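Undergrad: test case, fold it:
(2 chains)
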Number of protein chains: 2
Amino acid sequence: MTEKTQTITAINNAIAEHPVLEPLTEVSYQSGNDELAERLIELRAWLGDDLSDLEALIGDFTQQGQAADSHLGWQAASHLLERPGKRIRPMCVLLAARLGGLEMTEAVRNVAVSCEMVHAATLLHDDVIDEGTERRGATASRVVYGNSASILAGDQLFVEALRLVEETGHSTLLSSLLGVISEMIAAEALQLKKRGHFDPDKKAYLDVLHGKTAALFRWGLKAGGKLAGLPAESLEILGKIGVNLGIAFQLVDDIIDLEEESVLTGKDALADLRQGKMTWPFLVACEADKSIEGDMKDLVSGEKSLKDVDLNQLIQRIHATGAVEATRRFARQQGDEADKLLAKLPEGRARDALKVVIKTAIKRAR
Amino acid sequence: MTEKTQTITAINNAIAEHPVLEPLTEVSYQSGNDELAERLIELRAWLGDDLSDLEALIGDFTQQGQAADSHLGWQAASHLLERPGKRIRPMCVLLAARLGGLEMTEAVRNVAVSCEMVHAATLLHDDVIDEGTERRGATASRVVYGNSASILAGDQLFVEALRLVEETGHSTLLSSLLGVISEMIAAEALQLKKRGHFDPDKKAYLDVLHGKTAALFRWGLKAGGKLAGLPAESLEILGKIGVNLGIAFQLVDDIIDLEEESVLTGKDALADLRQGKMTWPFLVACEADKSIEGDMKDLVSGEKSLKDVDLNQLIQRIHATGAVEATRRFARQQGDEADKLLAKLPEGRARDALKVVIKTAIKRAR
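TA: Now for the predicted structure:
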């Protein structure tokens, strides 16, 4: 067996045993990051059954929606939950807790899964708002069950997330999570306001990114650390790492939207543009090439439809400005900042593992 | 001055001083319940500034949506909150607290207003789901700000309601409120499932009613009593009274939908039928007159539109079955049950006041 074949075998075995790591490990492997894939396998071994515990709890929620007497909202929620996700948010909670020496407890599990539930709730509502048609490689819940059922599905998952946190008895975690949901709502509202208006505004983009993505990563890492009793300064640092990680994660998503086929990403190619949303590479490309700005303006305002534009050529012109490299550099810079912050936290396997997660978020190809 | 003129003057003065009672007092007066209107004025005098405190807090939320930097979700929420509501749910919380000897505290105020916020949140989402066009005598938020903004508005008000309860430090109240929101979601989902399918199912109707209306009344009355430290048996009784009151309240709403002009109700005449929803008088009329059942079937399934049917004649035929009287009897029966339960609670002004609220809910003409 060649070294490469051995790696593949190891990955396959690991995946078969613990399917939760599949999405992350597979993307690392597919993007040629064999070393990263191996680190992820080590991570799996170290986290042991904790990840399976998370999946089991998420599975309980999924089954609730598949029960014969479940309501339409639950069914629509289940449709999303049963798709494998990267579960990067819950994993952050686990690792932050371990950083403080706390292995799996019911509170850690609840808080970890609450992150996934809040994330899923916002996806359900955002897909209705943004008229999204695909999610996690499948037809969006709102297409299958209707917008109305998806609204109720999001409401239901918000309730479940808050219940999970309430059950831990940590009221400060509950109030901070309510604050984070409020940030997420405000960010989605800002994005909604911008829709259909061409406004290449980097500050507005970053505001949206902080609210929609970074805030929940920040909360998850701080919450995990708090459950483990880490001191306030460490929680601050974890929060900042969460922001860096969230920003990097979204920037890579922006790149993927420009690069991948819909079959790989689970999203329409150029879905963001189709929905009239600006992304970081679009913003950089507009700054660099005014003819792109003109085309983008027509597309976002709806004066031209995607059919009127040579898409391949537009994508090539965007690439030619170096916008994708600039976005990747920006993401890497976030990763570097996170690494610097990590160095201030207690060393050990948890810290190493967080480093792997950050690297994976940046290097992933989908 | 005649006695009648004196009453009107007294009402007008009271309303000018405490606008919060306007909707309730005015509807009592308009429906010829002068005595009830006077009892409501006494109630106002007794509750003193507490009702104004509630309005002030609701006003803070309204202003948040009117601030220059408020987001679209907040704006859509404000549009609903600034319309005067009957505030019957918050009033129940106040009175249940007073029944236990507790006057206004921050906790009572927070819990009372949280009821109004949860109610408003569900109205915002329900109007999107049911394609409602009018609410509280004005154009629905979703028409003015769009469905997307209304989804975010509902999310935001759920968050605010939960924050208010979380701030009280009573974690059991928070978890029971999450349970109630869950019931409300399930009931709306059940109603959604029935839409477009003609299914004159009284049990399903009552299930929806319990979840959509009665559950929040139940919670509000129990929560007010709990804050005042009432014993478990009293809380149980208050909860049951809440269910009776909620059912009566909805039944009267059903009647109003059949009787009033849209300008008075703030709802489209026959709005329920237009949305394909069954109401209690419809169900009773279908049982009594199979020709009505046939017409209703065509209307709800969309085979006939409202234009194809002689509406006035249909309404007359429904009235001819005695369905409206039967519904009013059902509502009165709920009121009688509530009165019987009230008799088991400590006597005094709070109990008398709750009796007035129940009577008002049943006798109101809108």
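Undergrad: tell me the domain boundaries of chain A?
TA: With domains defined by automatic domain parsing, chain A comprises A:1-48, A:49-363.
Undergrad: could those domains be laid out in CSV, adding mean neighbour count and mean pLDDT?
TA: From N, CA and C alone the C-beta is placed, and that goes for glycine too. Listed next are those as CSV, based on neighbours: other C-beta atoms under 10 Å in any protein chain shown; pLDDT from 0 to 100:
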stretch, mean neighbour count, mean pLDDT
domain A:1-48, 17, 64
domain A:49-363, 20, 91
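Undergrad: now distance to B:D298 too, for those domains, in TSV please.
TA: As requested, the domains of chain A are exported to TSV (distance: least, C-beta to C-beta, whole Å):
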stretch	distance to B:D298
domain A:1-48	50
domain A:49-363	23
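Undergrad: which stretch among these comes nearest B:M91?
TA: For those, proximity to B:M91 was assessed by C-beta to C-beta; domain A:49-363 is nearest, at 25.7 Å.
Undergrad: end-to-end on the closest one?
TA: One end of domain A:49-363 to the other measures 26 Å (C-alpha to C-alpha, to the nearest Å).
Undergrad: ok so, going back, so which of the domains of chain A gets nearest chain B?
TA: domain A:49-363 (3.6 Å; C-beta to the nearest C-beta).
Undergrad: do the closest one and chain B come into contact?
TA: Yes - applying C-beta under 8 Å from any C-beta of the partner chain, one finds domain A:49-363 touching chain B at A:71-74, A:125, A:128-129, A:147-149, A:151-152, A:154-156, A:158-159, A:162-163, A:166-167, A:169, A:171, A:174-175, A:178, A:181-182, A:185-186, A:188-190, A:192-193.
Undergrad: just to revisit the earlier point, of the domains of chain A, which is nearest B:L221?
TA: Per C-beta to C-beta, nearest to B:L221 of the domains of chain A: domain A:49-363, 21.4 Å.
Undergrad: in the stretch 101-250 of chain A, what residue spans correspond to helices?
TA: For the stretch 101-250 of chain A, the helices defined by DSSP state H, counting those that start in this stretch cover A:106-130, A:141-145, A:147-167, A:171-194, A:202-209, A:215-227, A:232-259.
Undergrad: make TSV out of those helices and add distance to A:L99.
TA: As requested, those are exported to TSV (distance: least, C-beta to C-beta, whole Å):
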stretch	distance to A:L99
helix A:106-130	12
helix A:141-145	35
helix A:147-167	20
helix A:171-194	17
helix A:202-209	25
helix A:215-227	6
helix A:232-259	8
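Undergrad: how far out from the middle of the chain is stretch A:59-77?
TA: Counting by C-alpha atoms, centre = their mean, to the nearest Å, stretch A:59-77 is centred 23 Å from the centre of its parent chain.
Undergrad: can you give me the end-to-end span of that stretch?
TA: End-to-end distance (C-alpha to C-alpha), stretch A:59-77: 12 Å.
Undergrad: repeat that for stretch A:227-235.
TA: Note: stretch A:227-235 ends 10 Å apart using C-alpha to C-alpha.
Undergrad: for that stretch, what is the distance to the chain centroid?
TA: Counting by C-alpha atoms, centre = their mean, stretch A:227-235 is centred 24 Å from the centre of its parent chain.
Undergrad: picking up where we left off before, B:G246 is nearest to which of the domains of chain A?
TA: Nearest of the domains of chain A (C-beta to C-beta): domain A:49-363, 19.8 Å.
Undergrad: contacts for stretch A:324-342, please.
TA: Residues outside stretch A:324-342 that contact it (C-beta atoms under 8 Å, 6 or more residues apart in numbering or on different chains): A:237, A:240-241, A:244-245, A:247-248, A:251-252, A:254-255, A:258-259, A:280-281, A:284, A:318, A:351, A:354-355, A:358-359, A:361-362.
Undergrad: A:A187 is in contact with A:H210, correct?
TA: Yes - under the criterion of C-beta atoms under 8 Å, A:H210 lies in contact with A:A187, with a separation of 7.1 Å.
Undergrad: tell me how far A:P231 lies from B:G48.
TA: 48 Å (C-beta to C-beta, to the nearest Å).
Undergrad: hmm, I typed the wrong one, I wanted A:V113.
TA: Counting by C-beta to C-beta - A:V113 and B:G48 are separated by 46 Å.
Undergrad: please save the CA atoms from stretch A:331-343 in CSV.
TA: C-alpha atoms of stretch A:331-343 as CSV (Å, rounded to 0.1, in the frame of the first residue of the first chain):
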residue,chain,number,x,y,z
ALA,A,331,-9.1,34.7,5.7
ARG,A,332,-5.5,33.5,6.4
GLN,A,333,-4.9,36.8,8.3
GLN,A,334,-7.9,36.0,10.5
GLY,A,335,-6.4,32.5,11.1
ASP,A,336,-3.0,34.0,12.0
GLU,A,337,-4.7,36.4,14.5
ALA,A,338,-6.5,33.5,16.0
ASP,A,339,-3.3,31.5,16.3
LYS,A,340,-1.6,34.4,18.1
LEU,A,341,-4.5,34.6,20.5
LEU,A,342,-4.4,30.8,21.0
ALA,A,343,-0.8,31.1,22.1
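Undergrad: residues in contact with A:A323?
TA: Counting by C-beta under 8 Å, 6+ apart, A:A323 touches A:W280, A:P281, A:F282, A:V284, A:A285, A:A288.
Undergrad: let's see that with 10 Å instead.
TA: A:254-255, A:258, A:279-289, A:292, A:317 (C-beta atoms under 10 Å, 6 or more residues apart in numbering or on different chains).
Undergrad: and if you look at A:D254?
TA: A:205, A:209, A:272, A:277-284, A:323-324, A:327-328, A:330-331 are the contacts of A:D254 under C-beta under 10 Å, 6+ apart.
Undergrad: what sits closest to it if chain neighbours are left out?
TA: Leaving aside its sequence neighbours, A:D254 sits nearest to A:T279 (C-beta to C-beta, 6 or more residues apart in numbering or on different chains; 3.9 Å).
Undergrad: could I get the phi/psi values of that neighbour?
TA: The phi and psi values for A:T279, taken as degrees, to the nearest 10, are phi -130, psi 170.
Undergrad: my read: it touches A:Y205, true?
TA: Yes - using C-beta atoms under 10 Å, A:T279 makes contact with A:Y205 at a distance of 7.6 Å.
Undergrad: which neighbours do those two share?
TA: A:Q250, A:D254.
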